[in-house]
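**Q** Below is the structure, and that's it, no one-letter string:
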């Protein structure tokens with residue numbers, strides 16, 4: 001049984017605007033990673049697979065509609081996005097977004113696309129390396145990004161606390177976050193939700209899960 005509260009579950013998906021917005025993937029995840037070495041590529045794909053297994057979801061080589069649906073970009077400067085072909089089709093108002101991310105000195109950004117049921121159908125993840133990020137192990141960066149691509153978390157989630165924890169055998173997904181991933185992908189629950197009562201259903205699945 002989880003010791004998380006219903007209020008804490010709701011907070012994970014309540015945005016700064018006060019709106020409750022939940023969404024999970026409604027299709028197998030077909031990832032592609034740019035801007036890394038072959039060694040790091042394997043680490044990033046392994047991290048995605050770890051989170052998919054935790055959630056009880058699935059991966060595939062290709063998406064029949066999009067080809068790939070989880071695109072992860074590693075870069076050293078946000079301005080690099082302006083030179084990526086067709087990036088302005090994936091990220092609306094690209095130039096303004098790049099300027100905003102640069103001004104904030106941001107290290108990460110995610111953009112999601114949704115299907116008619118409100119489920120996630122694509123995620124574009126961007127990670128800017130440099131500075132303190134260069135001191136963070138690749139597996140830690142990869143796992144943190146994978147967790148945050150699995151659900152439409154609140155824009156405030158993990159802004160202060162990492163979704164990861166240290167275990168005897170290395171860095172892992174934080175137990176409460178892992179349990180929430182499992183509950184979120186329970187087939188009984190809808191793929192999306194905009195009413196806070198959805199959080200109570202999530203909480204019920206957490207309580208019902210084996211300890």
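**A** Structure's in. What do you need? Keep in mind that what you see is a predicted model, and the values were worked out from it rather than measured.

**Q** and the helix or strand where residue 53 lies, what other elements does it pack with?
**A** Taking DSSP states H and E as the definition, residue 53 sits inside helix 38-55. Packing partners of helix 38-55 (3 or more CB pairs under 8 Å, 6 or more residues apart in numbering; DSSP states H and E): strand 31-34, strand 70-75, helix 138-150, strand 170-173, helix 175-184. All C-beta spots, glycine's among them, are computed from the backbone N, C-alpha and C.

**Q** Mind listing the residues bridging to residue 70?
**A** With DSSP bridges applied, residue 70 shows beta-bridge pairing to residue 31, residue 123.

**Q** measure the residue nearest in space to the middle of the chain to residue 135 for me?
**A** What sits nearest the mean C-alpha location of the chain, by CA atoms, centre = their mean, is residue 149, with 1.7 Å. Noted for residue 149: a distance of 23 Å to residue 135, by CB to CB, to the nearest Å.

**Q** what's the helix or strand of the chain with the lowest mean pLDDT packed up against?
**A** For the chain, counting by mean pLDDT, DSSP states H and E, helix 87-90 ranks last in confidence among helices and strands (a mean of 91). Identification of packing neighbours for helix 87-90 by 3+ CB pairs under 8 Å, 6+ apart yields helix 94-104.

**Q** ok, then the element right after the helix it packs on?
**A** Helix 94-104 is succeeded, C-terminally, by strand 108-114 (DSSP H and E).

**Q** Just the buried residues of that following strand, please?
**A** Residues of strand 108-114 classed as buried: 109, 110 (neighbour count, 16 or more other CB atoms under 10 Å).

**Q** Quickly run through the sheet partners of that strand, with directions.
**A** Counting by DSSP bridges, strand 108-114 is paired with strand 120-128 (antiparallel).

**Q** Could I get the average pLDDT for the strand it pairs with?
**A** On average, the pLDDT along strand 120-128 is 97.

**Q** on that earlier part again, now do the same contact list for the residue nearest to the residue nearest to the centre of the chain when sequence neighbours are not counted.
**A** Counting by CB to CB, 6 or more residues apart in numbering, residue 123 is the residue found nearest to residue 149 once chain neighbours are left out, at 4.8 Å. By CB atoms under 8 Å, 6 or more residues apart in numbering, residue 123 lies in contact with 69, 70, 71, 110, 111, 112, 113, 149.
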